[in-house]
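Enquirer: predicted structure and sequence below. I'll ask about it afterward.
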Amino acid sequence: MPSFAEITLQGNFFLLFGLWWSIKYPLKYVLQRRNAESQPSHWIPCIDIIEGTAKAFFALGGILVEQFLPDGPRMTLYDDKTQHWVQLINWQHMTMYLFYGFSGVVDVLAHSQLKLPVGLDRLLLAMALFTEGFLFHFHDYQGAPLTEHLYSLLLIAIFGAAFCSLLEVFLRDHILLELLRASLFILQGSWFWQIGFVLYPTWGGPAWNQEDQGNKSFLTMCFFWHYAVGLLVMCINGSFSRCCPNGCSISLEDVDVELDLPSCLRRKKQEVDPVLLPETGAE
């Protein structure tokens, strides 16, 4: 059976990437509009490579955790003695991490010399999200209606992000789709934490009543509170990303690396104290 640590680990995975994207994509959008007439910044592919590497390593860590926990299956899928499957829930979570690992590897290869088709990285991300969604949809909740309701709400965020990523295959670098995907990842990550607190109370109190209809109504409302908070966080991060480049408007490609700070300061000084030109030719 899953534990609070396993569920929050999944939440941290999605929450981290959602928060990072809520900063990365507004900053990327502002810089691209500012440098529309010049060459794109070279740091963007480097950031994508680091992001894909981090995604692959996170996925690998999740696979190892699901398999080699004290109560994990330890790479045993079927027990011949008992004639039963071994910890299928852990295997399902491992499958989810596996596809996200594929997505991270393709993110890295997309910026290599292999010249992969444009949009393949978003296609693999959409496949990972669809895989996660179907795994949780066909999950065995053992007749617990509240648990099933919690995960059915989670499917809204999962399949929403999946369709968004699929659209990005054809609408590349669409800022609205990127921000929508980021918000749904934040929602998914925070909701995993909510599931952990509901199903595995860490304060030692009684578990939530699985049959109480009021619990379902409250958690449905709470789900959209999570999304409202996520949108607020995105607005704050987006405002920070928009204000961050305003400190110096010089493109890094036009400035020598060793002299970029003095050049920036001189440029700002000239903008503040312009030289007065003579009014007449004689002067």
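Expert: Noted; the coordinates are in hand.
Enquirer: can I assume residue 164 is in contact with residue 181?
Expert: Yes: counting by C-beta atoms under 8 Å, residue 181 is a contact partner of residue 164 at 4.6 Å. (Each C-beta comes from the backbone N, C-alpha and C, glycine too.)
Enquirer: just the element for the closest residue to residue 226 other than its chain neighbours, please.
Expert: Nearest residue to residue 226 in three dimensions, chain neighbours excluded: residue 190, at 4.8 Å (C-beta to C-beta, 6 or more residues apart in numbering). Assigned by DSSP states H and E, residue 190 falls within helix 175-199.
Enquirer: all strands for the stretch 1-150 of the chain, in order.
Expert: 78-79, 84-85 (DSSP state E, counting those that start in this stretch).
Enquirer: show me what the last one is packed against.
Expert: In this structure, strand 84-85 packs against strand 78-79, with contacts taken as 3 or more C-beta pairs under 8 Å, 6 or more residues apart in numbering; DSSP states H and E.
Enquirer: if you set the cut-off to 7 Å instead, what comes out?
Expert: Using 3 or more C-beta pairs under 7 Å, 6 or more residues apart in numbering; DSSP states H and E, no helix or strand is in contact with strand 84-85.
Enquirer: list the contacts of residue 76.
Expert: Residue 76 is in contact with residue 86, counting by C-beta atoms under 7 Å, 6 or more residues apart in numbering.
Enquirer: one more time with 10 Å
Expert: For residue 76, the contacting residues are 67, 85, 86, 87, 91, by C-beta atoms under 10 Å, 6 or more residues apart in numbering.
Enquirer: these two touch, right, the fourth one and residue 66?
Expert: Read it as residue 87. Yes: between residue 87 and residue 66 there is a contact under C-beta atoms under 10 Å: 8.6 Å.
Enquirer: any residues in contact with both of those two?
Expert: Any residue near both residue 87 and residue 66 by C-beta under 10 Å, 6+ apart counts here, and that gives 2, 72, 73, 93, 94.
Enquirer: inside helices: which ones of the residues you listed?
Expert: 93, 94 (DSSP state H).
Enquirer: let's see if you can find the most crowded of the shared contacts of residue 87 and residue 66.
Expert: Within those, most neighbours by other C-beta atoms under 10 Å means residue 93, with 24 neighbours.
Enquirer: so where's this structure shaky on pLDDT?
Expert: Applying pLDDT under 70 to the chain flags residues 1, 35-42, 244-283.
Enquirer: quick one, helices of it?
Expert: Under DSSP H, the chain gives helices at 4-34, 43-68, 88-109, 120-137, 145-170, 175-199, 213-243, 260-272.
Enquirer: format those as TSV; extra columns: distance to residue 206.
Expert: TSV is the format used below for those (distance: least, C-beta to C-beta, whole Å):
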stretch	distance to residue 206
helix 4-34	16
helix 43-68	28
helix 88-109	24
helix 120-137	26
helix 145-170	13
helix 175-199	12
helix 213-243	12
helix 260-272	60
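Enquirer: of all these, which one is nearest residue 207?
Expert: Closest approach to residue 207 among the helices of the chain (C-beta to C-beta): helix 175-199, 7.4 Å.
Enquirer: count of residues packed around residue 78?
Expert: Based on other C-beta under 10 Å, the number of other residues close to residue 78 is 11.
Enquirer: residue 129 too?
Expert: For residue 129, the count of nearby residues is 28 (other C-beta under 10 Å).
Enquirer: list the contacts for it?
Expert: Contacts of residue 129 (C-beta under 10 Å, 6+ apart): 96, 99-100, 103, 157-166, 181, 184-185, 188.
Enquirer: at 8 Å instead, please
Expert: Contacts for residue 129 (C-beta atoms under 8 Å, 6 or more residues apart in numbering) come out as 158, 159, 161, 162, 165.
Enquirer: excluding its backbone neighbours, what's nearest it?
Expert: residue 162 (3.6 Å).
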